[in-house]
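In: Structural data only, the sequence is not supplied:
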């Protein structure tokens, strides 16, 4: 019985000391960081286009086609 317990204890220690799944956690964190940064970048571009670029472009096009001469 003692031999079985020592075997189980040895396996448990090996599992906790092992770094076999370490790369999966790193990859998951990198993916999450990439998604968050990408979302922030898209939100910034969306705000920039809606507040600055589109109104300016609309007024320039309107001025270009409303030539009264």
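Out: The structure has been received and is ready for your questions. Because the structure is predicted, anything quoted here is derived from the model rather than measured.
In: which helix of the protein spans the most residues?
Out: Counting by DSSP state H, the longest helix found in the chain is helix 22-48.
In: buried ones in the helix or strand just after that one?
Out: As assigned by DSSP states H and E, the chain's next helix or strand after helix 22-48 is helix 54-65. Neighbour counts over helix 54-65 (16 or more other Cβ atoms under 10 Å) mark no residue as buried. Glycine gets a C-beta too; all of them are placed from N, C-alpha and C.
In: Centre of the chain to helix 54-65, how far?
Out: 36 Å (Cα atoms, centre = their mean, to the nearest Å).
In: remind me which residues of this structure are low pLDDT?
Out: The chain contains residues with pLDDT under 70 at 19-22, 68-69.
In: returning to that earlier point: work out the gap between the longest helix of the chain and the centre of the chain.
Out: 1 Å.
In: now it against helix 54-65, angle please.
Out: Using axes from the mean of the first three to the mean of the last three Cα atoms, to 10 degrees, the direction of helix 22-48 lies 40 degrees away from that of helix 54-65.
In: ok, and for helix 22-48, which residues are buried?
Out: Here helix 22-48 shows no buried residue, counting by 16+ other Cβ under 10 Å.
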